[in-house]
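# Whatever this is, show me its structure:
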Amino acid sequence: MLGSKRIGHGFALAKSPNLIDLVKRNNICLECCPVSNRILGYSHDLRCHPVRGLIAKGVKVSISPDDPGFFNVSGVTLDYLLVYLAWGLDLADLKQLCMNSLEFASISGESEEYR
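Predicted structure coming up:
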């Protein structure tokens, strides 16, 4: 392993049970960008998005907006709304996605800029 703690756009991981186990064993979080995936045609129906199954298998996932300026979307709210509706999530699931985003953020807790 390269010491990675996050994998961006890695939902092809769903095709490899060995890699799923490796990601879980090494506590790596998978970033998912639902609006981007939908717009770019990687997932035509979010109800069938591979990340939904990865969450069910215990892979840690965070929801990200990808390129909000490029897609003319502000923030991550739309991404969360879409996965909430498409994946049948509850409040505990949404909380876990948010906690994963915080736990695996690349911002150092020691940075003065973000205090």
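# what comes up buried for the helix or strand A92 falls within?
Assessed by DSSP states H and E, A92 sits inside helix 91-103. Across helix 91-103, burial judged by 16 or more other Cβ atoms under 10 Å covers 96-97, 100-101. C-beta: built from backbone N, CA, C; applies to glycine.
# cool, and stretch 67-82?
For stretch 67-82, the buried set under the neighbour-count rule, 16+ other Cβ under 10 Å, comprises 68, 71, 73, 76, 79-80, 82.
# from the residues you listed, which two are the most distant?
Across the buried residues of stretch 67-82, the longest distance by Cβ to Cβ is 15.1 Å; it joins F71 and Y80.
# where are the low-confidence patches of this protein?
The chain contains residues with pLDDT under 70 at 1-2, 68, 108-115.
# Please repeat the previous calculation with a cut-off of 80.
Scanning the chain with the threshold set as pLDDT under 80 gives 1-2, 67-74, 106-115.
# Which stretches in it count as strands?
6-8, 29-32, 60-63 (DSSP state E).
# Check the ones you listed for me and report the most buried one.
Sort these by mean neighbour count, taking mean count of other Cβ atoms under 10 Å, and strand 29-32 sits at the top with a mean of 23.
# What pairs with that strand, parallel or antiparallel?
Strand 29-32 sits in its sheet next to strand 6-8 (parallel), strand 60-63 (parallel), going by DSSP bridges.
# quick one on the thing from earlier: which among the buried residues of stretch 67-82 gets closest to N18?
Proximity of those to N18 (Cβ to Cβ) peaks at D79, which lies at 28.7 Å.
# these two touch, right, that closest one and I63?
Yes: with contacts counted by Cβ atoms under 8 Å, D79 reaches I63, the gap being 5.0 Å.
# and which of the buried residues of stretch 67-82 is nearest to R47?
Closest to R47 out of these is L82 (10.1 Å), distances taken as Cβ to Cβ.
# my read: that closest one touches V35, true?
Yes: at 6.7 Å, L82 counts as touching V35 under the criterion of Cβ under 8 Å.
# and of the buried residues of stretch 67-82, the nearest to D90?
Closest to D90, out of all of these and judged by Cβ to Cβ, is Y80, at 12.9 Å.
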